[in-house]
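Novice: Prediction below, plus the sequence it came from.
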Amino acid sequence: MPDRDLTELTIRRPDDWHLHLRDGAMLRAVLPETTRHFGRAIVMPNLVPPVVTARDATAYRTRIMGAMPADAQFTPLMTLYLTEDTDPDDVARAHAEGIATAVKLYPAGATTNSASGVRDFDKVRPVLDRMAEIGMPLCVHGEVTDSAVDIFDREAVFIDKVLKPIRKKNPDLRIIMEHVTTEDAVDYVRDTPKNLAATITTHHLIINRNHILAGGIRPHYYCLPVAKREKHRVALVQAAVSGDVRFFLGTDSAPHTDARKLQECGCAGVFSAPNTMSCLAEVFDAAGKLPKLEAFASLNGPAFYRLPPNADTITLRKGDPVTYPDHIATDDGPVTVFDPGFPLHWRVVD
Ligand SMILES: NC(=O)N[C@@H](CC(=O)O)C(=O)O
Ligand SMILES: [Zn+2]
Ligand SMILES: [Zn+2]
């Protein structure tokens, strides 16, 4: 029987295996929201221009360290943005020297700032081969970009048309399918015993497509991959709370100013860094699976990335509803915080 009376939970400090920190004023504003609870994060490289080379990653890491709150004990894990011109030697050097932890594959045009992504997957074959050789993981935005494919089907089609062929040609390549949103992806990852894992976001455990579209359009819930129907959300929750080592947290916290979200063509991204741990505890508690939160948020990710879990812990306590700001201020304008749509009773205590 799950322990429904649990009101306190101590877990290893969590990590975020998929995070957008941006740059400049936005970086300074959002970084403390992640360093407050998280030990490490895989930092996405989709800046403009993107973080492509070892040299770019070193410079970006320096800017992140320069924005770090004074008391933070946080390690950014850098990624390189895979382009058709990426040099395998540069990638291998970045990995060997600890500059980059993973490489990120964006199909060209799939999401925010992905114009420099890959069109012809054969062109990046030498990079992928080298990564398999050295054991460097590939993070994948798993959606096809073909305008003829319905946006709600783009993840499932990606699995068949792109991911399976890549895995067939290169079974030794270690791949993380980022921000999975479908039962299809959950099943595929679950049925694959080796070299494949998936991250799941906080918001995809909570919203389905009705939250975006029913009773009015809610731009702050619009992200990519777009949230799917309820049965898919349920499959994601089951995967997350299962303890299966192949599923772990990647918040995909992706801040955009309200001005950029609330326009005629609003951009994709949900900003969940400030309240993610409270949201997750609520989801795991509702499922009667609180003890599995540690595997999802703190253990499975490091295991796949072949890193030790964080040495210290955080404690969550259940009580009166938590208050959190509905937006944070940045020098570029306000950024709205993810609204789970229900009260949060779990808070991280010191
Ligand atoms: N998830 C999103 O909706 N947006 C991300 C890009 C991404 O992770 O695909 C962003 O950079 O804003
Ligand atoms: Zn993505
Ligand atoms: Zn992302």
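Specialist: Received, thanks. Residues are numbered from 1 along each chain as shown. Ligands and ions are numbered 1, 2, ... in the order given.
Novice: How about the contacts made by whatever residue of the chain ends up closest to ligand 2?
Specialist: Of all residues in the chain, residue 141 sits closest to ligand 2, with a separation of 3.7 Å (C-beta to the ion). Where you see a C-beta, it was placed from the backbone N, CA and C, and this is true even at glycine. Going by C-beta atoms under 8 Å, 6 or more residues apart in numbering, residue 141 touches 104-107, 110-111, 114, 117, 178-179, 224.
Novice: Try it again at 7 Å.
Specialist: For residue 141, the contact set (C-beta atoms under 7 Å, 6 or more residues apart in numbering) comprises 105-107, 110-111, 178.
Novice: Show the backbone phi and psi for the closest residue to residue 114 other than its chain neighbours.
Specialist: Leaving aside its sequence neighbours, residue 114 sits nearest to residue 106 (C-beta to C-beta, 6 or more residues apart in numbering; 3.9 Å). Dihedral pair for residue 106: phi -110, psi 120, per degrees, to the nearest 10.
Novice: Could you verify my assumption that residue 106 touches residue 119?
Specialist: No. Counting by C-beta atoms under 7 Å, residue 106 does not reach residue 119; the two are 10.7 Å apart.
Novice: Neighbour count for these two, which is higher?
Specialist: residue 106 (27 against 12; other C-beta atoms under 10 Å).
Novice: which residue ranges form the helices in the stretch 101-250 of the chain?
Specialist: Using DSSP state H, counting those that start in this stretch, the helices assigned to the stretch 101-250 of the chain run over residues 125-134, 154-158, 164-169, 183-190, 209-213, 230-241.
Novice: and the contacts of residue 141, which of them are in strands?
Specialist: Using DSSP state E, residue 105 are the members of the contacts of residue 141 that sit in strands.
Novice: related to what we said a few turns ago, how much space separates the residue nearest to residue 114 from residue 265?
Specialist: For residue 106, the distance to residue 265 equals 19 Å [C-beta to C-beta, to the nearest Å].
Novice: same thing with residue 222?
Specialist: Taking C-beta to C-beta, one finds residue 222 at 11 Å from residue 265.
Novice: Could you do residue 325 as well?
Specialist: Taking C-beta to C-beta, one finds residue 325 at 27 Å from residue 265.
Novice: just residue 22 next, same as before
Specialist: Taken as C-beta to C-beta, the span from residue 22 to residue 265 is 20 Å.
Novice: Those two: who's more crowded?
Specialist: residue 22 (22 against 5).
Novice: That one is in contact with residue 255, isn't it?
Specialist: Yes. Look at residue 22 against residue 255 with C-beta under 7 Å: they come within range, at 6.3 Å.
Novice: Residues that sit against both of those two, list them.
Specialist: residue 30.
Novice: same for whichever strand or helix holds residue 91, what does it pack against?
Specialist: Assessed by DSSP states H and E, residue 91 sits inside helix 88-96. Judged by 3 or more C-beta pairs under 7 Å, 6 or more residues apart in numbering; DSSP states H and E, helix 88-96 is in contact with helix 54-66, helix 125-134.
Novice: buried set for that helix?
Specialist: 88, 90-92, 94-95 (16 or more other C-beta atoms under 10 Å).
Novice: Would you convert these into CSV that also reports pLDDT?
Specialist: Shown next, in CSV, are the buried residues of helix 88-96 (pLDDT from 0 to 100):
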residue, pLDDT
88, 98
90, 98
91, 98
92, 98
94, 98
95, 98
